[in-house]
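In: next one to model:
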Amino acid sequence: MARGSVNRSRGANHVVPEAWDAMNQWKYEVARELGVDTNISNGYWGNVTSRDAGSVGGHMTRKMVEMAQQQLAGKYTPTTK
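Out: Next up, the predicted model:
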């Protein structure tokens, strides 16, 4: 979630490139939910502690696994905002 997140073509190969914007927005929503300082300029997360960045990524991963399990069980209903 450091500088590479700003530049879409740098480093990461996204499995679903169309989801990049939604994932990036969700990252900020999760950070706010966890009380992580989201005063990040130009998408640069270098000033965020490793602990906080890991908490955000870990929470996102847990939620994605939960959604996938619910979908496999036929219980997942996507929410739209």
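
In: distance of A73 relative to R51?
Out: The gap separating A73 from R51 is 33 Å, by CB to CB, to the nearest Å. No exception for glycine: its C-beta is placed from N, CA and C like everyone else's.

In: which secondary structure elements does the helix or strand hosting G57 sit against?
Out: Using DSSP states H and E, G57 sits in helix 50-72. If you count contacts as 3 or more CB pairs under 8 Å, 6 or more residues apart in numbering; DSSP states H and E, helix 50-72 packs onto helix 20-34.

In: tell me what angle the helix it packs on forms with helix 50-72.
Out: Here helix 20-34 points in a direction 120 degrees away from that of helix 50-72 (axes from the mean of the first three to the mean of the last three CA atoms, to 10 degrees).

In: what's the distance between helix 20-34 and the middle of its chain?
Out: The chain centroid and the centroid of helix 20-34 are separated by 5 Å under CA atoms, centre = their mean, to the nearest Å.
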